[in-house]
Structure formats: C-alpha cells, structure tokens
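J.: Sequence and predicted structure, then a few things I'm wondering about:
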There are 2 protein chains.
Amino acid sequence: MKTLYNFSAGPSVLPKEVLLDAQKNLVDFEGCGMSVMEMSHRSKEYDIIIKKTEELFHEVMGIPDNYKVLFLQGGATQQFGMIPMNLLAKNGKADYVITGIFSNTAYKEAQLVGGPTGKTISAAGSTKEENYKRIPEQNELKLDPAADYLHICENNTIIGSKWKYLPDAGKVPIVSDMSSCILSEPVDVSKYGLIYAGAQKNIAPAGVTIVIIKKDLIYDPLPGTPTMLNYKVQAENDSMKNTPPCWPIYIAKLVLEYLQKNGGLAAMKAHNEAKAKVLYDFLDSTDFYKSHVVAKDRSIMNVTFRTESDELDDKFIKGSVAAGMSNLKGHRDVGGMRASIYNAMPKDGVEYLVDFMKKFEKENK
Amino acid sequence: MKTLYNFSAGPSVLPKEVLLDAQKNLVDFEGCGMSVMEMSHRSKEYDIIIKKTEELFHEVMGIPDNYKVLFLQGGATQQFGMIPMNLLAKNGKADYVITGIFSNTAYKEAQLVGGPTGKTISAAGSTKEENYKRIPEQNELKLDPAADYLHICENNTIIGSKWKYLPDAGKVPIVSDMSSCILSEPVDVSKYGLIYAGAQKNIAPAGVTIVIIKKDLIYDPLPGTPTMLNYKVQAENDSMKNTPPCWPIYIAKLVLEYLQKNGGLAAMKAHNEAKAKVLYDFLDSTDFYKSHVVAKDRSIMNVTFRTESDELDDKFIKGSVAAGMSNLKGHRDVGGMRASIYNAMPKDGVEYLVDFMKKFEKENK
C-alpha cells in the first residue's frame, strides 16, 4: 500500500519542498561537481553548509550568543549518558523528573554512568504510578538547589504529553530533551541550560543530534569520559573533532530555510495547534476513542488514543494502513494508537485521519 | 572551480551509479510514497533495507556466521573509546601498535578511558620516531599474551602506509581500524577479533560506523559504560537500541550492491592496484616528488608525496584545484600532498593527476 500520510513518531515526514531540493542537488550540488555526500567536511564547500546551519539555528530559534549549537551523533539516547558524564563534574548531583518512558531511561542512564563514582541521581518528581497520564505540578517537585542540573523531557513522544510550563529550578540549569517538540513553536532558550534533540522528528533525517548548550556549562567532564562524549572538546572543535554526519546536517539546513521562508516558529505553532485541535476536538466529542493524557497536558506533536480493546486497536491499525496511513500503531511499550503530527504533516493529513476515525467508529460501535 | 576528480580522504567520492539511484528514489522510494529519510526505523520498509545491508556485508566480505555486523555512530574516533570500554572488561590489558596519527590517538584514548580504573595500555610497537614512514616488522613487536586485544590501524590514511601482513598475536584477538581500506580488497575476517570503519571512505556518506565483531568478544563492558557504547546492547538490539543513521545505511546497501555487480572485492583489488601503480610508478621515476612511505609499506588507498618545499607544495595544490582536482592538500598535521584513490575513483582520475604532476614538474624544475 502506498503511503498517503505518514504518522511516524520518527524518523518522520519531511517537507516535500526540502526533499525536492535535496533530490535536485543530490548528484551535483549547485554545479560544484560533487554530491554533498562526497564533500570533505573540511572543504570550503561544506564549511559554508555547516556554518550556515548553525547560524540558522540561532536565527530561527532566537538562540542567544552565550549558547553554542553542537551537531553530534548517537541520538537522544547517547545524550542520556553524555549529559551526566559532563555536567556532574561540578557537584555530582542531578534531579530528574520522570514523565514518560524516555525520561525514565534518561534517569536510569545517569545512574548507570554516575553510579560507579558515587554520583547522586534523584527522582525530583514522577507520574509513573499514574501511567504518565499527566505532568507534575511545580509544588510536587522536590528540587535540590545544589544539583548540577534538573532534567526534563519536554514532550513525551511515546505517551503524548507535554510540559506546558517550565519548572522554576532557581539557579539550577534546566536540561530539556526536546527531541519531539523542537522547532514546533517558539521557546525562550535563555531559560535553559541545555536543550537537546534527535533530528529525526522536526529537524532532519536520523543521524544528527542537536545540542544547544549555555557556554558556562561547558567544563571538563568526569574522568574517563570518551573524547567524542566531551562537550568541551566538541565545542572547541565546532562539532568537527572528527567527521560530522554531513548529510543530515545539510538537510537540517534546508528544513531551517524552509521554516524561515514560511513564517518561522510562530507560524509553525499556529499550524501545529490548528492540526492538533482537529484531532483533539474529535477525540473529546466521542467515547469510542479514549485519549491517554489529561487534557491540560496533551502534546500537539504526538496524539495517543485507543479504543476499548486491543483487538479493535489492531483492526483500526490494519484499516488505517489499507487507507494509506502509515505508522499509527502506538509504541510497543504502551500499545493503542499514536498519531505523530510534526511540522511537516499537513492539516489535510489530520482531517483525513479524523474522517477515517469517524467511519471506523460508525462501523465498529 | 567545478570538481572533475575529488581526491578527498573522506568523506569522498561515491560511485556515480549509486548517486543516480539514490537521487531517483529520494522523494518516493520505489513507489512506497515515502523517502527513505522519512521511514520509521521500525517499519517493514526500513527493516528490509537494514537486514539486506547486513546480509550484503556478510556476502561481499565473506564474514563468517560467528561475527555480528553493527551499524553504529560517532565514527572511528568513538570506537577509539568504545573498544577499550568494552574489551578491557576481561583482563584489563591491551596492546597498541602505533603506525600513524590515528593509531596514536586510539592509543591515547584507551589510556583516557581505561586510566581512571587502572587498566594497562601498552605500546607494543611504534614507528613514531621515524615519522611513521614504515610499518614495524613482527620481530619488533612486544606482545603481551594476556592482553585482551592487539590494536592496529591497518591503513594509515594521513601517512599513506598499509600493513601488508597481519601480525601473529597468538590467541590475542586483533582489533583493526580499517576505515580507509575496508572493501578495497578481500580480507580473511576469521583472522580478526574486531574490524571497524567509519563509512565515509569506501562504504557510504559520513554518519555510520561499521563494526564487525566476533561473537565471543561480546561481553559486559566496564562499569559506567554508556548504553550506546555497549557492544552487547547494540548486538542484542541488532543496532536498533535507538534510531540508527538510516540514510547512510541505505547508501551503504547501494554501494555493496554496486560492488557485488562489479566483481566483488577481488575485482576491486585489481582496480585499486592498477590505479596505485600508475601513481607510484611515476613517483618512482622522478626525484622532483618524494614519497613519504617506504616502498614495501605504501598504501593503495592514500598516496602521500611532496616537492622540495612548502611553497612549491602550495603552488601545486592551487594549480591542481584550478585544473579541477579537489582535496589534494595533505592532512594539516603532516603537510605536502595526498591523493586518496578509493574504490570509486576511476583510473582516468589518477592518469589525469599524473599528467598534471608531469606538467607541473616540467614548469617548476
């Protein structure tokens, strides 16, 4: 079955305009005689691309000059280890708020890498016992003012929830996993110590990880930290300690240019809210489908829902594939359905999904 | 200036046929309605690609069944840390032979990650004092029979030298950095414990690192090793602990199919030796250019040479760019010139270079 609309949680849909541009230039980039995939990362040609991509991140996200943008590898999961290996080198303590499967994995990874040298990794809050159906309130958090950082996962891809406020951590820097919400709306970067994101949702194809780090958090890591996992080395070498993932960075450049041409993050926010409203309004109007997350904390990027039974969920997923919609199956750890409606998903796609849901409800009620 | 021939040491030239195929399928892969860049890594569509790529590595390189092929990230430099973090967990000792800048970096990285827990990293041999102009002989190596592994860099990209024999390490597994010679000729994989290579020379664009590991070397790593740097976890998850670098893996598949169609590694070896002969025969016929490496240890992938002065080298490089040849400038740490003539460099390219060298010699003698 040919895919009409791709609801994958990542890697996911990219703007058609970006794909066409990449296709046109694939063999011979702008008449230079080489593909971007063939360029030496230290060549003049590629230097223009990577510098421009960094510049575009600053422009599109409004990143202040006292932050450095890094292009790394290994996905958010590698950051789960890299963050404690670097940032715990000060006081040796960190707070984690656990609001979903990935933030729980990040918490455990910090214990794994910090454990052997006796670092203190604390759960400052958790909604695990409630199946992560909500984000905790500020007054539920037990924050350590001497922590090196407070870690949150801002948009919970698997669960479908989103932090709608930024916790007040005093002077403790906030480290935010924005893998599935970066570039979806404007954010005040100055309120964060470190923002990171795997590219494969709103930025680029899989293979590059974006880290936006406040310069005063760039210091020597824990002893034994491998060179490639050392923020200081990566920052000093402008992400070029060795060969960076050149092609995904190039696609990120095209995506950022596309965003800039189309009204930037304010326009993207309006577009995303309008799409999510179509889906949530319908979900709120029926008892046939159940939304997993409480209304106030629902994500506008990943929408999770289910019917009354696993059998009916399976039937829904099979039917959706036959109707040309791919990847609506929920994450293997939670089941049900999940529609990921990132920047590049058109409103038409969401409307097509809701039409299918209505028809399915009528036929299976 | 438009590039006619790209002599980059990596990322480097890819087969034109592969680029055209990737271009044709970029927006809509084989009519499925999605780009490979948009596919969920857990989808049926992508599963076919990654499984087939692993299969092709086994077929093209003749990899025995008791080895696992991993698709990782972070380049060879990340392996410099990952190898000791995993393999030192047995006896805590490793031998390194230092034959160039990268093998020296690998040696230092093993000390960095193994140092805090008192691991023993030894230089089993080195030609550093001779500016790495040769590879040491077997009788010069001081090998520890209780080492967890012996590390070599099989082809020294920066220096232009190559191991023409495999050291006899007894029962100690050999770990080989094949970044710049993998797929250039047949190798007997069964003689190695672990082979690794950044993709950006003979395999694919930058962003994927290939690790071929003997299954009995897959065991629990040193305490505190991050999950993404754990071979056991990566092997158990078929390189899918998190999202792999899907696009570079897909291009690797196309390159392997191209090799298979064109006579495999035996044909590639003949092609590469013929190209290198054109260049070395000319270098041996003149005193104007000096080859850095002794004749018996010269690489057929990276050919290093210089004139009598840095000024003349600069003039050569400028002239070569004007003649449509890019990236002939030697590595920043050694200077001079370097022609990287990987699989995808046609013999025509080498002949074009030699014609230019002859003309330059005549004009500047």
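T.: Yes, it's here.
J.: Let me see the ranges of the helices in the stretch 151-300 of chain A.
T.: A:231-236, A:246-261, A:264-284 (DSSP state H, counting those that start in this stretch).
J.: Dump those to TSV, plus mean pLDDT and distance to B:Gly31.
T.: C-betas here are computed from N, CA, C, even on glycine. Shown next, in TSV, are the helices of the stretch 151-300 of chain A (pLDDT from 0 to 100; distance: least, Cβ to Cβ, whole Å):
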stretch	mean pLDDT	distance to B:Gly31
helix A:231-236	98	40
helix A:246-261	98	22
helix A:264-284	98	27
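J.: before we move on, which element is the residue in the stretch 1-150 of chain A that chain B sits nearest to in?
T.: For the stretch 1-150 of chain A, the residue closest to chain B is A:Gly81, as judged by Cβ to the nearest Cβ, at 3.0 Å. Element membership of A:Gly81 [criterion: DSSP states H and E] is helix A:75-87.
J.: Between helix B:75-87 and that helix, find me the angle.
T.: Orientation of helix A:75-87 against helix B:75-87 (axes from the mean of the first three to the mean of the last three Cα atoms, to 10 degrees) gives an angle of 70 degrees.
J.: just checking, next helix/strand downstream of helix A:75-87?
T.: strand A:93-98.
J.: Check which helix or strand the residue nearest to A:Lys275 when sequence neighbours are not counted maps to.
T.: Spatial nearest neighbour of A:Lys275, excluding adjacent residues (Cβ to Cβ, 6 or more residues apart in numbering or on different chains): A:Val350 at 4.7 Å. Per DSSP H and E, A:Val350 falls inside helix A:347-364.
J.: mean confidence score for that helix?
T.: Here helix A:347-364 scores 98 as its mean pLDDT.
J.: now stretch A:149-156
T.: In this model, stretch A:149-156 has a mean pLDDT of 98.
J.: and if you look at stretch A:310-318?
T.: pLDDT averaged over stretch A:310-318 gives 97.
J.: still on that earlier bit, shouldn't the residue of the stretch 1-150 of chain A closest to chain B be in contact with B:Met228?
T.: Yes: counting by Cβ atoms under 8 Å, A:Gly81 does reach B:Met228; the two are 6.5 Å apart.
J.: Spell out the residue ranges of the strands in the stretch 1-150 of chain A.
T.: Secondary structure of the stretch 1-150 of chain A (DSSP state E, counting those that start in this stretch): strands located at A:5-6, A:67-72, A:93-98, A:120-126, A:149-153.
J.: In its sheet, which strands sit next to the lowest-mean-pLDDT helix or strand in chain A, and in what direction?
T.: Least confident element among the helices and strands of chain A, by mean pLDDT, DSSP states H and E: strand A:290-291 (a mean of 94). Partners of strand A:290-291 in the sheet, by DSSP bridges, are strand A:302-306 (antiparallel).
J.: Do the very next helix or strand once past the partner strand and chain B come into contact?
T.: Next along the chain after strand A:302-306, taking DSSP H and E as the criterion, comes helix A:310-322. No: Helix A:310-322 lies out of reach of chain B by Cβ under 8 Å from any Cβ of the partner chain, never closer than 9.9 Å.
J.: cool, and stretch A:252-272?
T.: No: under the criterion of Cβ under 8 Å from any Cβ, stretch A:252-272 makes no contact with chain B; the nearest approach is 10.9 Å.
J.: And the helices in the stretch 1-150 of chain A, which stretches?
T.: Under DSSP H, counting those that start in this stretch, the stretch 1-150 of chain A gives helices at A:16-24, A:44-61, A:75-87, A:101-114.
J.: how about A:Leu56, what does it touch?
T.: Going by Cβ atoms under 8 Å, 6 or more residues apart in numbering or on different chains, A:Leu56 touches A:Lys253, A:Leu256, A:Glu257, A:Gln260.
J.: What is the nearest of these to chain B?
T.: A:Lys253 (14.1 Å).
J.: so how far is B:Thr3 from the closest residue to A:Gly207 other than its chain neighbours?
T.: Using Cβ to Cβ, 6+ apart and skipping the chain neighbours, the partner closest in space to A:Gly207 is B:Pro245 (3.6 Å). Look at B:Pro245 and B:Thr3: by Cβ to Cβ, to the nearest Å, they are 25 Å apart.
J.: Of those two, which one has the most company?
T.: B:Pro245 (32 against 21; other Cβ atoms under 10 Å in any protein chain shown).
J.: what residues are up against that one?
T.: Shown in contact with B:Pro245 (Cβ under 8 Å, 6+ apart): A:Gln73, A:Ala206, A:Gly207, A:Pro245, A:Pro248, B:Phe71, B:Gln73, B:Gly207, B:Val208.
J.: got a list of what the first one touches?
T.: A:Gln73 makes contact with A:Gly207, A:Val208, A:Thr209, A:Met228, A:Pro244, A:Pro245, B:Gln73, B:Gly74, B:Gly75, B:Gln78, B:Gly207, B:Pro245 under the criterion Cβ under 8 Å, 6+ apart.
J.: Figure out which of the helices of the stretch 1-150 of chain A is closest to A:Pro346.
T.: helix A:16-24 (9.2 Å; Cβ to Cβ).
J.: quick revisit: would you mind giving the helices of the stretch 151-300 of chain A as a markdown table with mean neighbour count added?
T.: Putting the helices of the stretch 151-300 of chain A into a markdown table (neighbours: other Cβ atoms under 10 Å in any protein chain shown) gives the following:
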| stretch | mean neighbour count |
| --- | --- |
| helix A:231-236 | 18 |
| helix A:246-261 | 22 |
| helix A:264-284 | 16 |
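J.: Turn those helices into CSV, including distance to A:Asp28.
T.: Converted to CSV, those look like this (distance: least, Cβ to Cβ, whole Å):
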stretch, distance to A:Asp28
helix A:231-236, 31
helix A:246-261, 14
helix A:264-284, 31
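J.: Which among the ones you listed is found nearest to B:Gly10?
T.: helix A:246-261 (10.5 Å).
J.: Just the angle for the closest one relative to helix A:44-61, thanks.
T.: 40 degrees.
J.: just the angle between helix A:246-261 and strand A:67-72, please?
T.: 140 degrees.
J.: before we move on, the earlier item: quick one, which of the helices of the stretch 151-300 of chain A is nearest to A:Asp47?
T.: Minimum separation from A:Asp47 across the helices of the stretch 151-300 of chain A (Cβ to Cβ) falls at helix A:246-261, 11.0 Å.
J.: got the CA coordinates for the closest one in CSV?
T.: The C-alpha trace of helix A:246-261 is given here as CSV (Å, rounded to 0.1, in the frame of the first residue of the first chain):
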residue,chain,number,x,y,z
CYS,A,246,27.3,15.8,6.9
TRP,A,247,24.2,14.8,5.0
PRO,A,248,21.7,15.1,7.9
ILE,A,249,23.2,18.5,8.8
TYR,A,250,22.7,19.6,5.2
ILE,A,251,19.0,18.5,5.3
ALA,A,252,18.6,20.4,8.6
LYS,A,253,19.8,23.5,6.8
LEU,A,254,17.2,23.0,4.1
VAL,A,255,14.5,22.5,6.8
LEU,A,256,15.5,25.6,8.7
GLU,A,257,15.5,27.7,5.4
TYR,A,258,12.0,26.3,4.7
LEU,A,259,10.8,27.3,8.2
GLN,A,260,12.3,30.8,7.8
LYS,A,261,10.5,31.2,4.4
